[in-house]
Structure formats: C-alpha cells, structure tokens
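Asks: only geometry, no sequence info:
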Ligand SMILES: NC(=O)c1ccc[n+]([C@@H]2O[C@H](COP(=O)([O-])OP(=O)(O)OC[C@H]3O[C@@H](n4cnc5c(N)ncnc54)[C@H](O)[C@@H]3O)[C@@H](O)[C@H]2O)c1
C-alpha cells in the first residue's frame, strides 16, 4: 500500500489515519456546544496521547493558543480541508452481494461527503435491478461514465478483485477501498486502502490471549465463572 499523496504533503500516513478520528471527536464536542478545546481534552476524546495529538496537528500548522486551546470550528475546517472533504466525492461500489448491499444502504457515507453514485455487478440477475435508489450497472457501463475523482470500493470475491482493480485503474481511478481478502497490485500513484475485519479480530485475539496470560489463574477462574453462569442460565 502506498502513501504517496500524504508523503507528498509531508504528513506521515499514521497522522493522516488519525485525522478522521480527531474530526469525529471534534464533531462530538461541537454537538455538546464546546467552542474551544485543550489538546488534553481533545486527545482524551480521540483516545490518543496529547503529545501525539499536538505533533499530528502541527503538520497542519495548527498549534492552538497557549492557555486557550484549539478553536473547535476552525480546527474542524482545517482537518476537513486537509482530508479533501470540502469536495463531494463519488463512490462506485463494485460487487453488489451481501456486503455491497449493506454498504449501499449505509447513510454514513453521504453525511461525510461521500456520495455513492454507482453500484456495479457482473451478475445479469443484478444488473438493471434497483438497490438503495440506484440502478445496478456493469463494469462496461461504468467505464463510459466520467470517473474524475471517483473512489472505487471493491466488494467482490477475492478471485475477481484484481481484475476489477485493473479495470478501475484503466478508467483513471486513483483511489480504491478493497474489502476483498487479497493483496492488490496497482501502479504507482494509485492508493489502495484495505478493510479486513478478520485481521482486526485476529489482532484482538492476540491482545486478549496476552492479557489472559498476564492475569494467569485469575483469568482462568473468571472464564470458569462465566461458563458456570451460562450453564446455570440455560439449565
Ligand atoms: N473486509 C471485511 O471485513 C469483509 C467483510 C465481509 C466480506 N468481505 C469480503 O467482501 C467480498 C464480498 O463479500 P459478500 O459476502 O458480499 O459476497 P457475495 O458473494 O455476496 O457478493 C459478491 C458479489 O460480487 C459480484 N462479482 C463477482 N465478480 C465480479 C466482477 N468481476 N465484477 C463485478 N461484480 C462481481 C457477484 O456477482 C456478487 O454479487 C468478499 O471478498 C468477502 O470476503 C470482507
């Protein structure tokens, strides 16, 4: 996965990944009527250390006012601008199976400036059908649409994902969000982000296992108690 655009702006990829978290925390603070926020408060709301937050925001040229903190409205605007959220982005979801249906119906994209514009599938039983107010088209039809600024979301089986990515790249798409559990090869200048819930669960399992090992016999005792309680509840 490349991080070329962020690197071009001199902002580390890890910082870019935290900016949406800060944005969400700021939105929460604004909703409760907060006008200014200290780096400690914002860091706590975002779940990061305040030194990291200050460093991240310094890449945007935002240092806050000593003794006052950050202006919530201004900081939201600065982060949104840095993320390119002042533009409306069009999204094409390719693969309208279980996941594609769920993504198409998700209202959270639109409220964050991402308009799902195209739903794509190769299954003739799906092409032409209506899902979430849009007509499903095939890849050839997508290729005839002007894809400027289009973000492609791949929700096909992994066996089809590379060929779908190749088609998207041919159309001039530079940004791909891949849900299929496979690694995509793309040329330089094309950004691929991967979402993999199974990997996240595996990471949680790793931490859980080590936390239990540290607790030792206590964790085993707790597990036995939970199992006993379950058995009691069902008997
Ligand atoms: N990242 C995650 O956490 C996560 C979670 C769930 C599913 N997935 C993955 O998402 C993908 C979709 O899962 P699903 O349960 O919706 O599968 P699904 O079988 O229900 O749907 C896949 C759809 O892709 C379409 N398709 C296949 N080849 C295509 C092509 N070349 N062009 C266009 N459309 C094509 C099929 O016709 C079908 O409608 C799978 O790769 C799955 O492993 C990932």
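Replies: Sure, I can see it. No experiment lies behind these values; they were computed from the predicted model shown.

Asks: Quick one: low-confidence residue ranges for this protein.
Replies: 1-9, 146, 217-235 (pLDDT under 70).

Asks: For it, just list every one of the strands.
Replies: 36-37, 70-71, 89-94, 114-120, 130-131, 134-137, 151-154, 175-178, 191-194 (DSSP state E).

Asks: How far off centre is the longest one?
Replies: The gap between where strand 114-120 is centred and where its chain is centred comes out at 16 Å by CA atoms, centre = their mean, to the nearest Å.

Asks: Buried residues, it. List them.
Replies: 114, 116-120 (16 or more other CB atoms under 10 Å). (C-beta placed from N, C-alpha, C; glycine too.)

Asks: Within reach of the ligand, which of these are there?
Replies: Filtering these for neighbours of the ligand using CB under 6 Å from any ligand atom leaves residue 120.

Asks: out of the buried residues of strand 114-120, who's nearest the ligand?
Replies: residue 120 (5.7 Å; CB to the nearest ligand atom).

Asks: wait, isn't that closest one in contact with residue 139?
Replies: Yes: contact criterion CB atoms under 8 Å: residue 120 and residue 139 qualify, at 6.0 Å.

Asks: Please identify every residue contacting each of the two.
Replies: Listed contacts common to residue 120 and residue 139 are residue 94; contacts here mean CB atoms under 8 Å, 6 or more residues apart in numbering.

Asks: Around the ligand, pick out the residues from the protein.
Replies: 94-100, 120-123, 126, 139, 155-158, 160, 163-164, 179-181, 195-197.

Asks: Relative to residue 201, how far out is the nearest residue to residue 158 once chain neighbours are set aside?
Replies: Distance criterion CB to CB, 6 or more residues apart in numbering; nearest residue to residue 158, sequence neighbours excluded, is residue 182 at 3.9 Å. Residue 182 is 18 Å from residue 201, where distance means CB to CB, to the nearest Å.

Asks: So the two - more neighbours on which side?
Replies: residue 182 (15 against 11; other CB atoms under 10 Å).

Asks: Give me the most central residue, the protein.
Replies: residue 195 (7.5 Å; CA atoms, centre = their mean).

Asks: ok, that residue - contacts?
Replies: Contacts of residue 195 (CB under 8 Å, 6+ apart): 177-179.
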